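Q: Only the shape, not the letters, is given here:
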């Protein structure tokens, strides 16, 4: 559980950091308020990204493993 929690924290941090930067840039361009707006978007996105990643990582892993198990038998 400690590994899953740590992985989810780091993964959601990186994804939220990069995606919030990209979406902020696409929507506003590189303006005077870019860094402030980006930081605000990141702070709001990271907790949600963490919860979603924590909840869906295991079911998605099971789906992917089952998908490839079924493909190997064909």
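A: Okay, I see it. Keep in mind it's a predicted model, so treat the numbers as computed, not measured. Residues are numbered from 1 along each chain as shown.
Q: What about residue 24, how many residues nearby?
A: As a burial measure, residue 24 scores 22 neighbours (other Cβ atoms under 10 Å). For the C-beta atoms, the positions are set from N, CA and C on the backbone; glycine is no exception.
Q: Neighbours of residue 49, how many?
A: Residue 49 has 22 nearby residues by other Cβ under 10 Å.
Q: wait, residue 45
A: Per other Cβ under 10 Å, the neighbour tally for residue 45 reads 17.
Q: Helix or strand: which one has it?
A: helix 34-72 (DSSP states H and E).
Q: Tell me how far the worst-scoring helix or strand of the chain on mean pLDDT lies from the chain's centre.
A: In the chain, the helix or strand scored least confidently by mean pLDDT, DSSP states H and E is helix 34-72, which has a mean of 91. Remark: helix 34-72 is offset 4 Å from the chain centroid, using Cα atoms, centre = their mean, to the nearest Å.
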